[in-house]
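# I'd like to go over a predicted model; first the sequence, then the structure.
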Amino acid sequence: MRLKTFRAPRMAEAMARIRAEMGEEAIILSSTRVAGGVEITAGLEPPEAEPLPLPPVPAPPRLSFQPLPDGIARPLLLFGPHGGGKTLTLAKLATRMTLTGQAPLLVAADAARAGAVEQLAAFARVLGLGLVVAETPAALARALARRVAGQPVLIDSAGCDLLDLAAAEALVGLCRIAAADAALVLPAGLDAAEAADTARAARAIGARWMLPTRLDAARRWAGWLMAAEAAGLALDLAGTGTGAADGLTRLTPEWLAARMRLSDPRMKAAA
Amino acid sequence: MTPPVPRGRIIAIASGKGGVGKTWFAVTLAQALAEAGQRVLLVDGDLGLANVDVQLGLNPPHGLAQVLVGHMPLEDAVTQVGGFSVLAGSSGSGALLGADPAVLAGLLQAGAEARDALVLDCGAGLDAAPRRLAAAADILLVLATDEPTSLTDAYAAMKLAWRDVPGLDLRLVVNRAADARAGARTHGALASAVRNFLKRELPLAGIVRNDAKVPDAIRHQTALLTRHPASAAGQDVARIARAL
Ligand SMILES: Nc1ncnc2c1ncn2[C@@H]1O[C@H](COP(=O)(O)OP(=O)(O)OP(=O)(O)O)[C@@H](O)[C@H]1O
Ligand SMILES: [Mg+2]
């Protein structure tokens, strides 16, 4: 509604001005005598569209929880940004499998960084597992062809920037040669938009799972949670500690709900 | 089937325009209802600048946001003042914006349970948050002063509220009126806009006079009916409370 107040010595004059300024549609809302004449308030409802209905409430984020493949039918390949915790996560998975009698074959497709292979080799020695270092895709294919039937295979890959086209293509090639299921290893604490971009890129190259890491060290979880939701990557295990034997936690909606309450610093302060 | 728990009325206060006296009026109405023997919960639903606690000189550790996100049950977050209960607001908290309207309505209804009235400060503006709160009301009191900006914004708030809940019991409170006649004129102006443009009637809940005791009480962070029980504005609100 548009509203305007007019003052004039006489009623007729005020009315004439209202008609001239606001048109025939204007309604007189109030009129009073004031010193020197009258004061009239007129209103006009512009023929605008009806007000919009209340916007729908945004749907709560939908996370999907699916068991991570066991690496038996198809190898399980871990990939993700540099320093995101791929090798440690792989060692934790290998430890779990070994403890349940499913000793996996470890493959380092991480040929670019000698240090990473050494780290994995050390884990393999401790666990008494076989380790294949595949420096080329062809070597990877040969190693996989020789594996024992029924033995799980875990593949570690070089840290890469998924938003870099060449790196993403190399990863696609690796997954195809290995005929592997791919899981994105993503550290908690990243900027939410950046984490979501990375997760979407991971999804685009065929990943179906996300393994978030450093949940124990990061206070802000929006990044990995929004990334998993935005890209539709399934969750199962998460890195929650530095120990190879006890640093993996199974994610469930209940566990997340309980932990997120506790980690809200304002809630801690208020408690 | 168990019969529904009887609950008190949700009386929401909105205005469209900011600064017309919603928070002060909500506090004083809650106090007036309490003094009339009612069990009252005052809820600060103002997301931008929660002020109920400031006007009452409270420093509550918890409030609406904690309840909405499920950190604690409503009754644990409530603070007692004088004769009524207060659920404080949380400035700048997005919790209300993202809140599921059904959850919000359920929360307010739970707050009205075992009480006679829940008084809700909806905050200023016309966006989704005050609209959702207004839509949860049993009675919506729209506050307006005689300033043109207040009139147009109050009109816009009423138009939206009726759009959201066509059968809403909506009444006008004229605040800061020079006297009863001036207040009646303000009501008349808005009522004729509503009649002509929205084809509805606009009942008057009451007129509150402009009163220097109001800013005095707010400055002392004390409820008006405690500090100035006989003040004109205090008596006007008490009359509105009786007529509700
Ligand atoms: N009847 C009255 N007489 C005199 N002053 C009044 C009256 N009602 C309100 N005021 C003054 O108006 C000011 C604003 O009041 P209040 O904070 O309650 O408004 P509000 O509508 O809640 O504002 P906001 O939209 O910012 O939340 C106060 O400082 C108060 O002193
Ligand atoms: Mg206020």
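Here it is on my side, so go on. Numbers count the residues shown, from 1 in each chain, chains lettered A, B, ... in the order given. Ligands and ions are numbered 1, 2, ... in the order given.
# need the helices for the chain, in chain order.
No chain specified, so I'll use chain A. Using DSSP state H, the helices of chain A run over A:11-22, A:86-99, A:114-127, A:137-145, A:165-178, A:192-204, A:222-231, A:253-263, A:265-270.
# oops, chain B please
Ranges of helices within chain B are B:22-35, B:52-55, B:64-68, B:74-77, B:101-112, B:128-135, B:148-164, B:180-193, B:213-219, B:224-227, B:232-243, based on DSSP H.
# circling back: now the helices of chain A as CSV including distance to ligand 2, mean pLDDT and mean neighbour count?
C-beta: built from backbone N, CA, C; applies to glycine. Formatted as CSV, the helices of chain A follow (distance: least, CB to the ion, whole Å; pLDDT from 0 to 100; neighbours: other CB atoms under 10 Å in any protein chain shown):
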stretch, distance to ligand 2, mean pLDDT, mean neighbour count
helix A:11-22, 33, 95, 15
helix A:86-99, 51, 94, 22
helix A:114-127, 58, 85, 16
helix A:137-145, 66, 88, 15
helix A:165-178, 52, 91, 16
helix A:192-204, 32, 94, 19
helix A:222-231, 30, 92, 22
helix A:253-263, 30, 76, 12
helix A:265-270, 23, 46, 12
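# Residue in chain A with the shortest distance to ligand 2?
Going by CB to the ion, ligand 2 is nearest to A:L54 of chain A, at 21.6 Å.
# pLDDT on stretch B:105-112, on average?
For stretch B:105-112, the mean pLDDT works out to 91.
# does A:T41 really touch B:A189, like I thought?
Yes - at 5.8 Å, A:T41 counts as touching B:A189 under the criterion of CB atoms under 8 Å.
# out of those two, which sits in the busier spot?
B:A189 (26 against 23; other CB atoms under 10 Å in any protein chain shown).
# re earlier: what number of residues lie near the residue of chain A closest to ligand 2?
15.
# before we move on, back to that, distance to ligand 1 added to the helices of chain A, as TSV?
Below are the helices of chain A laid out as TSV (distance: least, CB to the nearest ligand atom, whole Å):
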stretch	distance to ligand 1
helix A:11-22	29
helix A:86-99	50
helix A:114-127	58
helix A:137-145	65
helix A:165-178	51
helix A:192-204	31
helix A:222-231	30
helix A:253-263	30
helix A:265-270	23
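# For B:A137, which of those helices is the nearest?
helix A:265-270 (28.9 Å; CB to CB).
# which parts of chain B sit against chain A?
For chain B, the contact set with chain A under CB under 8 Å from any CB of the partner chain comprises B:61-62, B:66, B:70-71, B:98-101, B:128, B:131-132, B:135, B:148, B:151-152, B:155-156, B:159-160, B:163-164, B:185-186, B:188-190, B:192-193, B:196-197.
# How about the residues of chain B by ligand 1?
Counting by CB under 6 Å from any ligand atom, chain B comes close to ligand 1 at B:15, B:18-24, B:46, B:49, B:51, B:123-124, B:175-176, B:208, B:210-211, B:214-215, B:218, B:233.
# among those, which ones are buried?
Buried by 16 or more other CB atoms under 10 Å in any protein chain shown: B:15, B:20-24, B:46, B:51, B:123-124, B:175-176, B:208, B:210-211, B:214, B:218, B:233, out of those.
# can you point me to the longest strand in chain B?
strand B:169-177 (DSSP state E).
# Could I get the pLDDT score of the closest residue to A:M15 other than its chain neighbours?
Excluding the flanking residues, the one nearest A:M15 by CB to CB, 6 or more residues apart in numbering or on different chains is A:I40, at 7.4 Å. Turning to A:I40, the model gives it a pLDDT of 95.
# Nearest residue to A:P104 in space, ignoring adjacent ones along the chain?
Per CB to CB, 6+ apart, closest to A:P104 is A:P152, 4.0 Å.
# OK, contacts around the one you found?
A:70-72, A:75-76, A:97, A:102, A:104-105 (CB atoms under 8 Å, 6 or more residues apart in numbering or on different chains).
# And the buried ones among the residues you listed, selectable in ChimeraX?
Remark: buried members of these, expressed as a ChimeraX selection using 16+ other CB under 10 Å:
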select /A:71,75,76,97,104,105
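# ok, the residue of chain A closest to ligand 2 touching B:D164?
Yes - under the criterion of CB under 8 Å, A:L54 makes contact with B:D164 at 5.8 Å.
# shared neighbours of the two, which are they?
Common neighbours of A:L54 and B:D164 (CB under 8 Å, 6+ apart) are B:131, B:135.
# Could you list the single helix or strand in chain B with the lowest mean pLDDT?
Within chain B, no helix or strand scores below helix B:64-68, which has a mean of 81 by mean pLDDT, DSSP states H and E.
# for that helix, packing partners?
In terms of contacts (3 or more CB pairs under 8 Å, 6 or more residues apart in numbering or on different chains; DSSP states H and E), helix B:64-68 is packed against helix B:74-77, helix B:101-112.
# Please save the CA atoms from it in CSV.
Extracted in CSV, the C-alpha atoms of helix B:64-68 (Å, rounded to 0.1, in the frame of the first residue of the first chain):
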residue,chain,number,x,y,z
LEU,B,64,15.1,-20.4,22.0
ALA,B,65,18.0,-21.5,19.7
GLN,B,66,19.2,-24.2,22.1
VAL,B,67,15.7,-25.6,22.3
LEU,B,68,15.2,-25.4,18.5
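# Would you pull up how far it lies from the middle of the chain?
Helix B:64-68 has its C-alpha centroid displaced from the chain centroid by 18 Å (CA atoms, centre = their mean, to the nearest Å).
# where's the residue nearest the centre of chain A relative to A:A207, distance?
In chain A, the residue lying closest to the centroid (CA atoms, centre = their mean) is A:A227, at 0.8 Å. To A:A207, A:A227 is 11 Å away according to CB to CB, to the nearest Å.
# Now list whatever residues contact both of these two.
With CB under 8 Å, 6+ apart as the test, A:A227 and A:A207 both reach A:L233.
# Low-confidence ranges, chain B, go.
Residue ranges of chain B with pLDDT under 70: B:1-5, B:91-98.
# Would you mind listing what in it touches ligand 2?
Residues of chain B lying close to ligand 2 (CB under 5 Å from the ion) are B:22-23, B:51.
# What is the burial count for B:L64?
27.
# With B:D121 instead?
29.
# Next, count neighbours for B:P203.
Neighbours around B:P203, by other CB under 10 Å: 11.
# ok, now B:A34?
The burial count for B:A34: 23, using other CB under 10 Å.
# excluding its backbone neighbours, what's nearest it?
That would be B:G83: by CB to CB, 6+ apart, it lies 3.7 Å from B:A34.
# Distance check, B:L140 against ligand 1.
15 Å (CB to the nearest ligand atom, to the nearest Å).
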